[in-house]
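Trainee: model this:
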Amino acid sequence: MICADRPLSDIVADLNRRYPTPIRLGPVAAGMTFSGVLDLGDQDALVRRLAGYLSLRVDRTGREITLG
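Mentor: Below you'll find the predicted structure:
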């Protein structure tokens, strides 16, 4: 997925249509944007990379993933 200054909320909406585990955004992450290329192969790896790019924390429960 190629992103050019896209709101993180839009990216997450696209990802939530693709993957079984929903991704939620915490208050800090909700207003962020992202530019770059995301490999859609593995949800966990993608979330870790995205969090690393944006210096966000990943909290995962059995039911959802939260970026904050």
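Trainee: residue contacts, residue 23?
Mentor: By C-beta atoms under 8 Å, 6 or more residues apart in numbering, the contact list for residue 23 reads 12, 15, 16, 47, 64, 65, 66, 67. Using the backbone N, CA and C atoms, a C-beta is placed for each residue, glycine as well.
Trainee: Just the buried residues of these.
Mentor: Buried by 16 or more other C-beta atoms under 10 Å: 12, 15, 47, 65, 66, 67, out of the contacts of residue 23.
Trainee: Send me the helix or strand harbouring residue 12 as CSV with only the CA atoms.
Mentor: Following DSSP states H and E, one finds residue 12 within helix 8-18. Written as CSV, here are the backbone C-alpha positions of helix 8-18 (Å, rounded to 0.1, in the frame of the first residue of the first chain):
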residue,chain,number,x,y,z
LEU,A,8,-3.6,7.4,9.8
SER,A,9,-7.3,7.0,10.4
ASP,A,10,-7.9,6.4,6.7
ILE,A,11,-5.1,3.9,6.5
VAL,A,12,-6.4,2.0,9.5
ALA,A,13,-9.9,2.0,8.0
ASP,A,14,-8.4,0.3,4.9
LEU,A,15,-6.4,-2.2,7.0
ASN,A,16,-9.5,-3.1,9.0
ARG,A,17,-11.3,-4.1,5.8
ARG,A,18,-8.4,-6.4,5.0
